[in-house]
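> give me the fold of what follows.
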Amino acid sequence: MTSICVKIYDHNVVQELNYTIEPYQGRNAISGQVIYKIDVNNITSLLTFDLEREGKPAYRILSKKFDACKFLEGFYKQMPLANSLLKRLNKMKNFPKSCPLKAYEPIVLDLFIINWQQLPIYLPNMGYTVTAEFFTNGKKFSEIILKGKTSQS
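Numbering: from 1, shown residues only. Here you go, the predicted model:
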């Protein structure tokens, strides 16, 4: 991971959305928090994963819509990546296990490392962009864009 960008589209839903990348144990980790102004239920997420090689157009290898509340409840256990991610998130202190996501209760990630071996990154020296867009009742309220580069090792 080399950069993270967060965007709030609906300030009536999101009070704070602040994530950064920090070096941790020789790797990059995500730290920060999100705080909602209202109890948020009925959340969907559109996750896209694009690979890029210098001088060539990006190639989308994943575009998947998820029910975020069902994800928190373990509905996607049959998907190895989703199951692995959920297991690691559930180890984090006070991470929500179901919806609604409560107003004014911070959802904190502290030095969260993504294990790229579980993602379909098998081509070396390629850039990637992972975008997660979040919606409630069909209206986008926030977005997280993560960029990085694969390597030989």
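> which residue, other than its chain neighbours, is closest to the residue most central in space within the chain?
Taking Cα atoms, centre = their mean, the centroid of the chain lies closest to residue 132, which sits 5.7 Å from it. Closest residue to residue 132 apart from its sequence neighbours, by Cβ to Cβ, 6 or more residues apart in numbering: residue 144 at 4.8 Å. Using the backbone N, CA and C atoms, a C-beta is placed for each residue, glycine as well.
> so that neighbour bridges to which residues?
residue 6, residue 132 (DSSP bridges).
> where do the helices sit along this protein?
Remark: helices assigned in the chain by DSSP state H are 68-72, 80-90.
> looks like the residue nearest to the centre of the chain contacts residue 140 (just checking).
No - in this structure residue 132 lies outside contact range of residue 140 using Cβ atoms under 8 Å: 11.0 Å.
> what segments of the protein are strands?
Secondary structure of the chain (DSSP state E): strands located at 3-8, 14-24, 27-36, 43-52, 59-67, 107-112, 127-136, 139-149.
> may I see the buried residues of the lowest-mean-pLDDT helix or strand in the chain?
Within the chain, confidence by mean pLDDT, DSSP states H and E is lowest for helix 80-90 among all helices and strands, at a mean of 80. Neighbour counts over helix 80-90 (16 or more other Cβ atoms under 10 Å) mark 82, 85, 86, 89 as buried.
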